[in-house]
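**Q** Test case, fold it:
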Amino acid sequence: MVKVITYGTYDVLHYGHIRLLERAKALGDYLIVGITSDDYDKSRGKINNQQSLAERIQNVKNTGLADEIVIEEYEGQKIDDIKRLGIDIFTVGSDWEGKFDYLNEYCKVVYLPRTEGISSTEVRARNRKIRLGIVGKTGYRKKVFNEAKYVNGIEIVGVFSRYNEKASEDDSVFYTGQYEDMLDHVDAVYILSEPKYHQVDVKKALEAGKHVLCESPITLDEKVYSELHRIAAKNHLVLMDAIKTAYSTAFERLVLLAKSGKIGEILSVDATCTSQADSINQDEPVRGSLTTWGPFAMLPVFQLLGTDFSDISIATKMTAEGRDVFTKIDFLYPHSVASIKVASGAKSEGELIVTGTLGYIYVPAPWWKTDYFEIRYEDQEKNKRFFYQLDGEGIRNELVSFVKSIEGRKDLSYISPEVSLKIVSVMDAFNKKKNIRSI
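**A** Below is the predicted model:
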């Protein structure tokens, strides 16, 4: 019996996929189809799949062409599969010609011609793209421009800035000093304006029928937050928090491992985010430490311990102008504690430590951009290190989630409404000087 194996993502299965599988099947007696997992695709920078792994597996099964299906989960697995399954022929589309010649050492390699004029990318491209407008000044906006290029189904068409900037990222993009002008040209907005403008910018966009992805906090007022979500729900619009760290694969896995009991009961979460004020991009308005770093630092606390803390204590150092250059917040839970330190005028080690009864999780600085973390135990031989490729600091994955939320008309954010609301609540309390001590 001649065994044949081929691999692919098989997202949005189409005629081209089926023809390729038919040709692969004809090469032998038994066809094994390797389907790439979501995590492996992410590690290769392929994050624009429209269908889940389960859907892609079922679609391949439905063709009746695969005698067996395996999941491709790591680099180098092809060699392992060929040896383990006794493969005679490895085959793939001709657009990969030469790429897999190294497998000739283990079996015969055959490159098959692809069906002309059709691919998953082309199928996805036929759908109308979401026209995205960006609100805010340069700096972080440039990163969004760069990452949007990797996301199918979205196109940046406009920019609104209150600072009379001229076009810099793309001369073909509509630049304006009038917010309403940009709203007339877009389907959705990514709001990166100063936090004090968020509630105005978000509300105008929602009332104009536009979906919103807003840099956290969505607003600085708890009551306004509820009002904005009511408007979004009434108009069937997506309103999502933008904290890129939540979309980092490493951070996502860290949360899942901690909650699964790998370090026992979680007793403490300590997060530090700092920067020197004079190192902040000088074309950006200088923010206080809590508005700059607060949402990032609170994210692991609320993701891991929940939002129902029983007490909160805030210590801060203010400038004469009323900007906090350093703020420390302590949270007390019934069975655990948490502490965050944020600064835009002081410096400390920007690490994240999650303490448990069996061990602890350590994430080195800068933890909010992590692609690596460790689980450490008393017995060091049990320690484990975890690496996950991080492309675009999480912005790319964030945009994909936003697009899918709009297309599916449901919230697919990695940040729950409860976490989003609690971040706003803490910021609101800080601005109203509740439970605050000056140092």
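**Q** residues touching residue 429, list them.
**A** Neighbouring residues of residue 429 by CB atoms under 8 Å, 6 or more residues apart in numbering: 312, 314, 435. Backbone N, C-alpha and C define where each C-beta goes, glycine included.
**Q** Sketch out the low-pLDDT regions of this structure for me.
**A** Per-residue confidence for the chain (pLDDT under 70) gives these ranges: 41-50, 115-128, 138, 164-172, 277-286.
**Q** Let me see the domain layout of it.
**A** 3-122, 127-243, 249-389+409-438 (automatic domain parsing).
**Q** between these, which one is nearest to residue 395?
**A** domain 127-243 (4.3 Å; CB to CB).
**Q** ok, back up a step: out of the contacts of residue 429, which are buried?
**A** 312, 314 (16 or more other CB atoms under 10 Å).
**Q** Redo the contacts of residue 429 as a markdown table? Include distance to residue 229 and secondary structure.
**A** Output for the contacts of residue 429, formatted as a markdown table (distance: CB to CB, whole Å; DSSP: H, G, I helix; E, B strand; the rest coil):
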| residue | distance to residue 229 | secondary structure |
| --- | --- | --- |
| 312 | 23 | strand |
| 314 | 26 | strand |
| 435 | 25 | coil |
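**Q** so after the helix or strand where residue 57 lies, what's the next helix or strand?
**A** Assigned by DSSP states H and E, residue 57 falls within helix 53-63. Next along the chain after helix 53-63, taking DSSP H and E as the criterion, comes strand 68-72.
**Q** what's next to that following strand, contact-wise?
**A** Counting by CB under 8 Å, 6+ apart, 7, 30-37, 40, 53, 57, 60-61, 78, 81, 85 sit against strand 68-72.
**Q** for the stretch 201-350 of the chain, what spans make up the strands?
**A** Along the stretch 201-350 of the chain, counting by DSSP state E, counting those that start in this stretch, strands occupy 211-215, 239-242, 266-274, 311-318, 324-332, 337-343.
**Q** what would those look like in JSON lines with distance to residue 74?
**A** As requested, the strands of the stretch 201-350 of the chain are exported to JSON lines (distance: least, CB to CB, whole Å):
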{"stretch": "strand 211-215", "distance to residue 74": "32"}
{"stretch": "strand 239-242", "distance to residue 74": "31"}
{"stretch": "strand 266-274", "distance to residue 74": "29"}
{"stretch": "strand 311-318", "distance to residue 74": "43"}
{"stretch": "strand 324-332", "distance to residue 74": "38"}
{"stretch": "strand 337-343", "distance to residue 74": "34"}
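**Q** State the number of residues packed around residue 150.
**A** Residues near residue 150, counting by other CB atoms under 10 Å, number 17.
**Q** Was I right to think it contacts residue 396?
**A** Yes - with contact defined as CB atoms under 8 Å, residue 150 counts as touching residue 396 (5.4 Å).
**Q** got the buried residues for the helix holding residue 57?
**A** 53, 56-57, 59-60.
**Q** Check which helices and strands it is in contact with.
**A** helix 15-26, strand 30-36, strand 68-72 (3 or more CB pairs under 8 Å, 6 or more residues apart in numbering; DSSP states H and E).
**Q** got the angle between it and helix 15-26?
**A** 60 degrees (axes from the mean of the first three to the mean of the last three CA atoms, to 10 degrees).
**Q** which residues are contacting helix 53-63?
**A** 9-11, 13, 18, 21, 33, 35, 37-38, 49, 51, 66, 69, 71.
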